[in-house]
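>>> what follows is a predicted protein model with its sequence.
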Amino acid sequence: MTTTPAQKKCPEYYEIDAELEDLNLTLYLVGEFGLKNLTAFERDIRQEISRQKLNSVTIDFSKVCYLDSAAALALLQMEKDTNYQEIKFLLVNLSDESKGIFSVIHENALMQRSFRDLPDKDSFIRKIGQSSSDIAGDFAKFITFIGELIVAMAYMIRHPETLRGKDVFFYVQRAGVDGLPIVALIGALIGLIIAFMSYLQLKMIGANIYVPALVSFAMIKELGPIMTAILVAGRSGSSFAAEIGTMVVNEEVDALHTMGFDPIRFLAVPKVLATIIVVPILTVYADFFGIFGGMIIGVTSLDLTIKTYISQSIKSIQVFDIITSLIKAGVFAALIAAVGCQKGFQVRSGAQDVGKFTTSAVVTAIFLIVVTDSIFAIMFYYIK
Amino acid sequence: MDVEKTNPVIVVKNLTARFGDNVVFEDVSFEVCKGEILVIVGASGCGKSTLLKIMIGLNKPFSGQILYQGMDITSVEEKELNLYRQNIGVLFQSGALFSSMTIKENIELPLQEYTDLDPVMIDTIIKMKLGMVNLAGYENYSPAELSGGMKKRAGIARAMALDPQVLFFDELSAGLDPVTAAELDDLIIKTNEALGTTMVIVTHELESIYKIAHRVLMLDKEAKGIVAEGKPQDLKKNATDPRVTSFFLRQKPVDPGEKRFYVK
């Protein structure tokens, strides 16, 4: 918004020459007046004006070679202030360009009160109430979603041809195959840590031989399913929520609705199914790597042979434990995928919503995994 | 307005853009003159948006230069490019307002980041900018609460926050009703006349083009470059190139090789 062509030399500084005559002050502005030096020249002009009592202030624009709307606005603000002090304020020798810039400043707009005030911050009590009602609402929504999901699943079982096999395969690969390295690494490290920690304790009573049993027991019964589920919640639960959430924002979900497709059958069922398929497999995989991690300690620190270690591990494992572990993994999988998809559908608008519900998907999934796991622990104890 | 040909703000020299082996356009050269409204038109896929993205420093071209005050923005460091970015404003197709912020905070952001103004002055500037785009009073609304046209106007207010030398508009009236589109056109003309801001606009809207364009550049997919340049009325009247006439007359170009099968 330069007011003059660039080739006309415009100094990159500003100057204000003051001339005082019978309480009438004339200020000659020279150079560039814009956002960059606004604070400085505004201060200078105000200083000149406040130096003595005045009848009028005249601002001469004849040597201004750059003026932007912010600078013009600042001058108009000064005009208001001086008028308030009953000092006349005149702007003279404005070029056509400068006049144009002043013309875009609407007094009404400056005086316009905001149509709406920003909402007040909620009080603490109100926040607690709001959160409680949100939690209850979320729970109800989740239950409703589970119901809809079961209906969609039932439909799929009755009409297997409607299953989008390609999608299921895709998510099997994304949630399962792509997750193998991290599951293996975490499984091995967990096994290694348990073996090492129990070795430190058990060696004091000479019970080293129980380390393999402890590792395999812990891995298969608890840590394998739970660690795998937490990893899948972090990897896939979040990605389901973000994916569906973005689709909601882009109106893709609305498009599905209008085309007569059930978004749950279309988007959620393949994801849930794929996760239920892969998580038990990943759990077995994590168990193996956990036992392998323990074996590294067993062989290097406990002076056990690989054969002894394996036979000791197998001795402590029962078929019942393996089956319950796989059932647990399947249930965790269903929870992770269902929560991920449901949170995705809850997104309404905007990038922030996607972030919020992705986080919520992971946190809720992990919470539900732990709660379900404790229920299973008690249940299996009594069944057995 | 007569375009001052002698006073280019941005000079595009021999610009070539490619995606892999796919050449979008080749050897494109033109100038954007001070104070003019330059409209870039062309059929979908001709590279208008690619050209715009290169001009605003988002993408790098395959070869060629874009000179702004003697600085080639295609090859400068990020720091210098940021100086250029402070002198331009961009209105994206959907407005691209930050959805987590209010309208006021959207406009406030560049002012807070790039100037040393006190908050009161910033508030007054925001009110002025909102007034310029006829949105006075909407400070505390969130972008999601505004209609498409209002979002665009708020986007213009944000783009103009730092009083840029050049404003770029991507698909100016896409997705707007004719009345809103016409209002936007008026706003563009008014802003250009009052502030003398140079504007580069990508649009398809023929009515808009006739109303606002001082000069039109037409890109073509097959030609991989500019096929026409001039005032819109002149192009409509005098063009002989079938690609240009078909665009301005809204007709499908006649393809002599096309075989038609008629069912009697």
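The structure has been received and is ready for your questions. Model, not experiment: these values are computed from the prediction.
>>> and the residue of the stretch 51-200 of chain B nearest chain A?
Chain A sits closest to B:Gly131 of the stretch 51-200 of chain B, with a gap of 2.2 Å, by CB to the nearest CB. No exception for glycine: its C-beta is placed from N, CA and C like everyone else's.
>>> confirm that residue sits in a strand?
No. Counting by DSSP: H, G, I helix; E, B strand; the rest coil, B:Gly131 is not found in a strand; it is helix.
>>> okay, now the closest residue in space to it that isn't next to it in sequence: neighbour count?
For B:Gly131, ignoring the flanking residues on the chain, the nearest one in space by CB to CB, 6 or more residues apart in numbering or on different chains is A:Ala109 at 2.2 Å. By other CB atoms under 10 Å in any protein chain shown, 19 other residues sit near A:Ala109.
>>> same question for B:Ile56.
Neighbour count of B:Ile56, defined by other CB under 10 Å: 21.
>>> so it touches B:Ile88, yeah?
Yes. At 6.3 Å, B:Ile56 and B:Ile88 qualify as touching, with contact defined as CB atoms under 8 Å.
>>> shared neighbours, these two?
B:Phe168 (CB atoms under 8 Å, 6 or more residues apart in numbering or on different chains).
>>> what's near enough to touch the residue of the stretch 51-200 of chain B closest to chain A?
If a contact means CB under 8 Å, 6+ apart, then B:Gly131 has A:105-106, A:108-110, A:112 as its contacts.
>>> can you get me a residue count around the residue nearest to B:Glu183 when sequence neighbours are not counted?
Excluding the flanking residues, the one nearest B:Glu183 by CB to CB, 6+ apart is B:Gly149, at 6.7 Å. Look at B:Gly149: counted by other CB under 10 Å, it has 20 neighbours.
>>> does B:Gly149 touch B:Ala174 like I think?
No. The criterion here is CB under 8 Å, and B:Gly149 misses it with B:Ala174 at 11.5 Å.
>>> what helix or strand is residue 244 on?
Here I'm looking at chain A. Assigned by DSSP states H and E, A:Ile244 belongs to helix A:238-249.
>>> wait, I meant chain B there
helix B:242-248.
>>> quick one: distance of that helix to the chain centre.
21 Å (CA atoms, centre = their mean, to the nearest Å).
>>> mean confidence score for that helix?
What helix B:242-248 shows for mean pLDDT is 79.
>>> so which bits of the stretch 51-200 of chain B are right by chain A?
B:69, B:99-100, B:102, B:111, B:114-118, B:121, B:124-125, B:127-132, B:136-141, B:144, B:160, B:162-165, B:190-191, B:193-197 (CB under 8 Å from any CB of the partner chain).
>>> can you do 7 Å?
B:99-100, B:115-117, B:121, B:124-125, B:127-128, B:130-132, B:136-141, B:144, B:162-163, B:165, B:193-197 (CB under 7 Å from any CB of the partner chain).
>>> picking up where we left off before, next SSE after the helix holding A:Ile244?
Sequence order places helix A:252-258 as the next helix or strand after helix A:238-249, per DSSP H and E.
>>> what about the longest helix in chain B?
Longest helix in chain B, counting residues (DSSP state H): helix B:178-195.
>>> could I get that one in PDB with only the CA atoms?
Extracted C-alpha coordinates of helix B:178-195, given in PDB (Å, rounded to 0.1, in the frame of the first residue of the first chain):
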ATOM      1  CA  PRO B 178     -23.800 -14.700  -6.800                       C
ATOM      2  CA  VAL B 179     -24.800 -11.900  -4.400                       C
ATOM      3  CA  THR B 180     -22.000 -12.700  -1.900                       C
ATOM      4  CA  ALA B 181     -19.600 -13.100  -4.800                       C
ATOM      5  CA  ALA B 182     -20.600  -9.700  -6.100                       C
ATOM      6  CA  GLU B 183     -20.100  -8.100  -2.700                       C
ATOM      7  CA  LEU B 184     -16.700  -9.600  -2.500                       C
ATOM      8  CA  ASP B 185     -15.900  -8.200  -6.000                       C
ATOM      9  CA  ASP B 186     -17.000  -4.700  -4.800                       C
ATOM     10  CA  LEU B 187     -14.800  -5.100  -1.700                       C
ATOM     11  CA  ILE B 188     -11.800  -6.000  -3.900                       C
ATOM     12  CA  ILE B 189     -12.400  -3.000  -6.200                       C
ATOM     13  CA  LYS B 190     -12.900  -0.600  -3.300                       C
ATOM     14  CA  THR B 191      -9.800  -1.900  -1.500                       C
ATOM     15  CA  ASN B 192      -7.700  -1.700  -4.600                       C
ATOM     16  CA  GLU B 193      -8.900   1.900  -5.400                       C
ATOM     17  CA  ALA B 194      -8.600   3.200  -1.900                       C
ATOM     18  CA  LEU B 195      -5.300   1.600  -0.800                       C
END
